[in-house]
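[1] Below is the structure, and that's it, no one-letter string:
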């Protein structure tokens, strides 16, 4: 099971790294557009300011993406999870969840996992549950079949 967890973690890291690379590209493009536009034309030149704000917005998103990558790097593959917690893979009768960061669908080896953050409501409904236990979420009953 640790091999599966490692594969899911690697897939999540790859998705996050791709997101980081895309953000870096967009930041570079925004900076280049501001540089190509040149110095402000007058005191009220809002176009260049808008270009720089766009760059700053993507820079903030990049910082958040790097923080999330750091969270993924903190997941200990050697740790055996016996209950629903950060870093666990939770197999229910309806879906497979990886408690990590909110990436959404992660397709791997013809299997579909959902990488979710510990701050989403479904996690709060199942936190601390163990294999064989049930939990309710959005009026649906889930049975935890396995945790690792």
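    Sure, I can see it. Note that the coordinates shown come from a computational prediction; the quantities given were computed from them, not determined experimentally.

[2] so what secondary structure elements neighbour the longest helix that the chain contains?
    When the chain is parsed with DSSP state H, its longest helix is helix 2-37. Secondary-structure packing of helix 2-37 (3 or more Cβ pairs under 8 Å, 6 or more residues apart in numbering; DSSP states H and E): helix 46-73, strand 89-92, strand 96-99, strand 104-108, strand 111-116. Where you see a C-beta, it was placed from the backbone N, CA and C, and this is true even at glycine.

[3] buried stuff in the fourth one?
    Neighbour counts using 16 or more other Cβ atoms under 10 Å place residue 106 of strand 104-108 among the buried residues.

[4] Could you tell me the angle between it and helix 2-37?
    Interaxial angle of strand 104-108 relative to helix 2-37 (axes from the mean of the first three to the mean of the last three Cα atoms, to 10 degrees): 120 degrees.

[5] Might you calculate how far strand 104-108 sits from the centre of the chain?
    Relative to its parent chain, strand 104-108 has a centroid offset of 11 Å by Cα atoms, centre = their mean, to the nearest Å.

[6] For the protein, which residues score under the pLDDT cut-off?
    1, 40-41, 43-45 (pLDDT under 70).

[7] ok, and for the longest helix of the chain, which residues are buried?
    Here helix 2-37 shows 4-5, 8-9, 11-13, 15-16, 19-20, 23, 26-27, 30-31, 33-34 as buried, counting by 16+ other Cβ under 10 Å.

[8] quick one: it to strand 111-116, angle?
    Going by the same axes, to 10 degrees, helix 2-37 makes 60 degrees with strand 111-116.

[9] Give me the domain ranges for this protein.
    2-73, 89-147 (automatic domain parsing).

[10] Which among those domains is found nearest to residue 83?
    Closest to residue 83 of the domains of the chain is domain 89-147 (Cβ to Cβ; 5.1 Å).

[11] What is the end-to-end distance of the closest one?
    End-to-end distance for domain 89-147: 6 Å, by Cα to Cα, to the nearest Å.

[12] residues touching the spatially closest residue to residue 55 that is not a sequence neighbour, list them.
    Nearest residue to residue 55, sequence neighbours excluded (Cβ to Cβ, 6 or more residues apart in numbering): residue 30, at 3.8 Å. Counting by Cβ atoms under 8 Å, 6 or more residues apart in numbering, residue 30 touches 51-52, 54-55, 58.
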